[in-house]
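[1] from the sequence below, what's the structure:
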Amino acid sequence: MILPDDKLKELVLKANLLPEKELNELQQKSVSSVTSLQTTLLAQDISFDSKLGPLIAQSLNVPYANLSKVTIPEEIFYILPEKLARKKKIIVFEQGPDGVKLATTDPTDTLIAQLVAQKTGQKVTVFYATEKEIENVLQLYKRDLQ
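    A predicted model of the protein is given here:
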């Protein structure tokens with residue numbers, strides 16, 4: 001989790017996604033089960049993923065990539081090897097005249113962006129994507145093997 005629970009709680013309250021009482025109960029549940037608040041929120045309501053993504057991206061001052069609405073061409077998908085994509089939770093999802101767009105759960109990790117820039121010879125723009133969205137896209141590697 002890129003944001004600490006207290007910062008995430010603040011964002012959820014500010015966006016009025018949940019009443020404070022309910023959010024406090026979920027935070028206590030996350031503490032007692034030794035999981036992050038984000039994990040607890042997603043376990044409570046899977047649709048929270050699409051609500052949290054833009055909030056987290058905004059708090060990190062990076063654009064948000066809604067990967068569920070993007071079709072990734074095969075040649076772009078394989079710019080990153082599967083092993084690296086899974087380990088770092090990172091996906092190249094677009095390439096064009098403006099450069100390469102990269103989605104990751106940790107936009108503060110700039111090393112992969114630098115490697116992609118070297119490999120493609122293009123400018124790389126880093127986007128935030130939720131872990132669930134990245135995992136869904138990573139399923140394409142498995143589908144390709146079948």
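[2] mind listing what residue 18 touches?
    12, 26 (C-beta atoms under 8 Å, 6 or more residues apart in numbering). (Glycine included, C-beta is placed from N, CA and C.)
[3] try 6 Å
    By C-beta atoms under 6 Å, 6 or more residues apart in numbering, the contact set of residue 18 is residue 12.
[4] for the one 4 residues further on, same thing?
    Contacts here follow C-beta under 6 Å, 6+ apart; on that basis residue 22 touches nothing.
[5] so it: helix, strand or coil?
    helix (DSSP: H, G, I helix; E, B strand; the rest coil).
[6] mind checking how far it is from residue 12?
    Distance of residue 22 to residue 12, given as C-beta to C-beta, to the nearest Å: 10 Å.
[7] with residue 6 instead?
    11 Å.
[8] so for those two, which sits in the more crowded spot?
    residue 12 (23 against 10; other C-beta atoms under 10 Å).
[9] could you pull out the helices for this protein?
    Here the chain has its helices, by DSSP state H, at 5-14, 20-32, 37-44, 48-60, 74-77, 82-88, 111-120, 131-145.
[10] which residues touch the fifth one?
    Contact partners of helix 74-77, identified using C-beta under 6 Å, 6+ apart, comprise 92, 95.
[11] which parts of that helix are buried?
    76, 77 (16 or more other C-beta atoms under 10 Å).
[12] leaving out chain neighbours, which residue sits closest to residue 33?
    residue 40 (7.1 Å; C-beta to C-beta, 6 or more residues apart in numbering).
[13] repeat that for residue 92.
    In space, residue 92 is closest to residue 79, 4.4 Å off (C-beta to C-beta, 6+ apart).
[14] I figured the one you found hits residue 93, correct?
    No - Residue 79 lies out of contact with residue 93 (C-beta atoms under 6 Å); the separation is 9.8 Å.
[15] those two - which one has more neighbours?
    residue 93 (22 against 17).
[16] mind checking pLDDT for that one?
    Note for residue 93: predicted pLDDT of 94.
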